[in-house]
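*Asks:* can't give you the sequence, but here's the structure:
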């Protein structure tokens with residue numbers, strides 16, 4: 001199945017499909033041969049093993065197909081109306097069928113949740129703080145326009161223009177808070193998507209032909225690097241604590257949070273070398289390195305790239321992740337603090353594909369509905385998992 005169609009199905013399942021996306025998906029699924037491909041994809045990728053043996057699994061897929069057909073019939077009536085984007089909300093029901101879990105703890109008995117909802121916690125959004133060379137800071141957020149000699153920001157992204165100067169460049173810092181994300185296009189054309197609780201240091205322009213170097217001070221970032229062939233052979237390097245990633249032109253993701261001892265580098269396409277402790281490790285596409293900075297040891301494994309970079313596409317894709325790791329991700333995106341009443345729950349696992357635009361309450365309810373947790377308490381930006 002084409003990657004484009006794969007992405008459209010995932011966007012549909014996570015409530016992020018646009019009118020155009022739905023048009024393309026609807027037309028593609030009209031072909032009888034594609035219907036089977038669609039069924040196989042949903043079942044193999046998003047339905048758990050026990051569900052595959054459940055007769056209801058086939059019903060779920062058939063209902064999804066019916067829903068898409070119904071939505072398709074509304075396309076021409078609603079596509080010119082702003083309310084159309086909410087039509088895809090019907091797929092929320094599907095989350096309860098494509099999400100699943102495994103546990104290392106004993107099976108939990110059903111119980112009614114105790115939820116204290118004092119204030120509404122909104123999902124994260126595009127926002128950042130730009131620190132200029134003189135130390136002054138500019139808050140970037142929707143509606144806040146900003147311009148420098150070679151940079152422009154509409155509050156949701158910042159774009160740097162190429163500069164032909166040969167003198168030393170100034171450095172800027174882009175800091176993304178918890179509950180934020182941001183996009184920056186560097187002066188060489190390299191694109192960087194920054195996740196919550198991250199900071200990037202970079203020059204305001206690169207000197208043509210010389211090494212292009214930026215620093216991921218902490219956090220997570222996805223890089224789509226402008227090829228060295230377009231810059232007189234100049235290589236591109238990303239440095240951060242304990243490692244350096246050198247590339248010629250490629251796409252990759254680095255996850256290096258301050259509160260974690262592991263640095264994960266995932267290669268999407270191209271080739272990179274990772275320098276650490278006077279050693280080098282090369283990665284091929286779909287490989288991920290895991291550098292333990294305490295032990296100075298690195299391991300490499302093949303991974304499902306989509307699960308590692310889905311955050312950039314507005315999706316949480318959790319596969320064989322512990323509840324502790326999942327809560328770290330959610331705490332950064334929703335800017336909340338999470339604690340566990342029972343430490344053993346940290347080992348529990350949950351797999352699923354969820355939209356980042358969902359409320360934290362919805363996500364906790366989905367996790368709870370599959371018995372991963374008995375209860376949770378949400379109060380004053382603090383979540384207690386029980």
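*Replies:* Thanks, I have the structure now. These figures come from a predicted structure and were not determined experimentally. Residues are numbered from 1 along each chain as shown.

*Asks:* how about residue 309, phi and psi?
*Replies:* Dihedral angles of residue 309 (phi, psi; degrees, to the nearest 10) stand at phi -120, psi 10.

*Asks:* now it: how far from residue 236?
*Replies:* The gap separating residue 309 from residue 236 is 18 Å, by CB to CB, to the nearest Å. For every residue, glycine as well, the C-beta is placed using N, CA and C.

*Asks:* More neighbours: which of the two?
*Replies:* residue 236 (25 against 20; other CB atoms under 10 Å).

*Asks:* Who does that one form a beta bridge with?
*Replies:* Legend: beta-bridge partners of residue 236 under DSSP bridges are residue 212, residue 247.

*Asks:* can you check residue 289 too?
*Replies:* Per DSSP bridges, the residues bridged to residue 289 are residue 265, residue 300.

*Asks:* hang on, it packs against residue 274?
*Replies:* Yes: the pair residue 289 / residue 274 is scored as a contact, 5.5 Å apart, by CB atoms under 8 Å.

*Asks:* what's the overlap in contacts for those two?
*Replies:* Overlap between the neighbourhoods of residue 289 and residue 274 consists of 265, 281, 283, 298, taking contacts as CB atoms under 8 Å, 6 or more residues apart in numbering.

*Asks:* so the first one makes contact with residue 253?
*Replies:* Yes: using CB under 8 Å, residue 265 and residue 253 qualify as a contacting pair, with a distance of 7.2 Å.

*Asks:* The two: which is more packed in?
*Replies:* Per other CB under 10 Å, whichever of residue 265 and residue 253 has more neighbours is residue 265, with 25 against 21.

*Asks:* what lines up beside the helix or strand hosting residue 253 in the sheet?
*Replies:* Under the criterion DSSP states H and E, the helix or strand holding residue 253 is strand 251-256. Strand 251-256 has the following sheet partners, assigned by DSSP bridges: strand 212-224 (antiparallel), strand 262-269 (antiparallel).

*Asks:* So what's the gap between it and the chain middle?
*Replies:* When C-alpha coordinates are averaged (CA atoms, centre = their mean, to the nearest Å), strand 251-256 and its chain have centres 11 Å apart.

*Asks:* Buried residues of it, list them for me.
*Replies:* Of the residues in strand 251-256, those buried under the neighbour-count criterion (16 or more other CB atoms under 10 Å) are 251, 252, 253, 254, 255, 256.

*Asks:* If the fourth one is in a bridge, with which residues?
*Replies:* It refers to residue 254. On the basis of DSSP bridges, residue 254 is bridged to residue 221, residue 265.

*Asks:* So it sits against residue 218, correct?
*Replies:* No: in this structure, residue 254 is not within contact of residue 218 by CB under 8 Å, at 10.4 Å.

*Asks:* low-confidence ranges in this structure?
*Replies:* Per-residue confidence of the chain (counting by pLDDT under 70) places the weak regions at 1-3, 10-19, 39-119, 164-166.

*Asks:* Which parts of it are helices?
*Replies:* Assignment of helices within the chain using DSSP state H yields the ranges 3-13, 19-29, 32-46, 49-52, 56-78, 92-98, 305-309, 323-334, 360-369.

*Asks:* Looking at the shared contacts of residue 289 and residue 274, which is nearest residue 5?
*Replies:* Using CB to CB, residue 283 is the member of those that lies nearest residue 5, at 27.4 Å.

*Asks:* contacting residues around the closest one?
*Replies:* Applying CB under 8 Å, 6+ apart, we find residue 283 in contact with 252, 265, 267, 271, 272, 273, 274, 289, 300.

*Asks:* residues touching the one residue sitting closest to the centre of the chain, list them.
*Replies:* Nearest residue to the geometric centre of the chain (CA atoms, centre = their mean): residue 311, 0.7 Å. By CB under 8 Å, 6+ apart, the residues touching residue 311 are 195, 220, 329, 356.

*Asks:* Kindly recompute the last result at 6 Å.
*Replies:* Contacts of residue 311 were listed using CB atoms under 6 Å, 6 or more residues apart in numbering, and they are residue 195.

*Asks:* Pull up the gap between residue 253 and residue 307, please.
*Replies:* Distance from residue 253 to residue 307, counting by CB to CB: 11 Å.

*Asks:* No further questions, thank you.
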